[in-house]
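S.K.: Here is a sequence together with a model predicted from it:
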Amino acid sequence: MGSVEAFGVRAMPAAPGSRSARRRPPAAALRTLIINYTGFHTEFTAPRRRLELPTGVVTLVFSFSEGLWVSRTENLSATQLRPAARAMISGPRTVPAIGVHAGVVHGLEVNMTPQGCYRLFGIPMWHFEDAHVDLVDVLGARGRHLTERLQALPSWAERFALLDELFCARLDRGPSPAPEVDGALAGLWANSRSLTRVSAATGWSARTVRARFREQVGLSPKAMARVFRLQHALRMLAAGTAAAQVAAACGYHDQAHLSREVKAMTGLPPSRFVLLRGGLAPGSVLDRMAGRVSSVMLSG
């Protein structure tokens, strides 16, 4: 994976002369809320098109360059792209998103848990449902020039340190997620088929569970279970496991059910996903975090 620099910044593998990235975890006080920071700078001669898959996490992107377009879509052939904001947040979702850049893209992304986003920004997570939200809409004037402040700093380590300072200062401002929600999410990740048992373990009514998830996660328990099951299935498919085995192991009714769900949530049939993924393991240089399959390159 390359060398580790000062402050724990990890150097990611790069295509010759075209891509560089730096990744590190946040300050210790933030590690239950934020998964990682990644700085990226790519330069290609042609546009590139990436498919971003449902992962169950929240992504905050700061764009230092022009020429980036984004969209959430259920139909890859009918995507309506729009210019990306200089800073935007994408919440948990059950459909894919597409990102297109003109060949050069430079910026920084923060991957956080839904509970981390809820605590750090202090607003209900349903605001992020099926949409990209401009950071200014969340932080107001304080978020207006944050991208420019980050871009002006001379190193990734200093940019990451600024984010640590910003987020640590917000730890006591936002609401604390309910431990029952944390426990339910952990249970669903461990076994996405345990929805009824996990919901009952909270001690809440089904209506309360749904309301708390909408507030603190942004998706219903059933929707998060679908996302987690998809992630487990994509990991197995990417590793070369036969679709019939994946369907049985992940709790789909049959292979046809697996195919319908993968197509509905990624825009791709399983065979096409496997081909485009090209054997990359979860957490590869293409992905946003360890252990999950977050992206597929559609072109470039």
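M.R.: All right, it came through fine. Numbers count the residues shown, from 1 in each chain.

S.K.: ok, which stretches of this protein are helices?
M.R.: 114-121, 135-139, 141-144, 146-152, 156-169, 179-190, 195-201, 206-216, 221-238, 243-250, 255-266, 270-277 (DSSP state H).

S.K.: To M88, which of those helices lies closest?
M.R.: Proximity to M88 (C-beta to C-beta) singles out helix 135-139 among these, at 6.5 Å. All C-beta spots, glycine's among them, are computed from the backbone N, C-alpha and C.

S.K.: Please spell out the segments of the stretch 151-300 of the chain that come in under the pLDDT threshold.
M.R.: Applying pLDDT under 70 to the stretch 151-300 of the chain flags residues 300.

S.K.: For L60, list the residues it contacts.
M.R.: Applying C-beta atoms under 8 Å, 6 or more residues apart in numbering to L60 gives the contacts A87, M88, I89, S90, E109, V110, N111, M112, L135.

S.K.: got a markdown table for the helices of the chain, with mean neighbour count and distance to S284 too?
M.R.: Conversion of these to a markdown table gives the following (neighbours: other C-beta atoms under 10 Å; distance: least, C-beta to C-beta, whole Å):
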| stretch | mean neighbour count | distance to S284 |
| --- | --- | --- |
| helix 114-121 | 25 | 23 |
| helix 135-139 | 18 | 28 |
| helix 141-144 | 13 | 31 |
| helix 146-152 | 16 | 26 |
| helix 156-169 | 17 | 20 |
| helix 179-190 | 17 | 20 |
| helix 195-201 | 16 | 30 |
| helix 206-216 | 17 | 30 |
| helix 221-238 | 22 | 9 |
| helix 243-250 | 17 | 19 |
| helix 255-266 | 18 | 16 |
| helix 270-277 | 17 | 9 |
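
S.K.: closest one to V100 among those helices?
M.R.: Each of those was scored for nearness to V100 using C-beta to C-beta, and the closest is helix 270-277 (15.6 Å).

S.K.: what's the angle from the closest one to helix 243-250?
M.R.: Interaxial angle, helix 270-277 versus helix 243-250 (axes from the mean of the first three to the mean of the last three C-alpha atoms, to 10 degrees): 100 degrees.

S.K.: Not counting its own residues, what contacts helix 270-277?
M.R.: The contact list for helix 270-277, computed with C-beta under 8 Å, 6+ apart, reads 51, 234, 237-238, 240, 243, 246, 258-259, 262, 266, 268, 293, 296-298.
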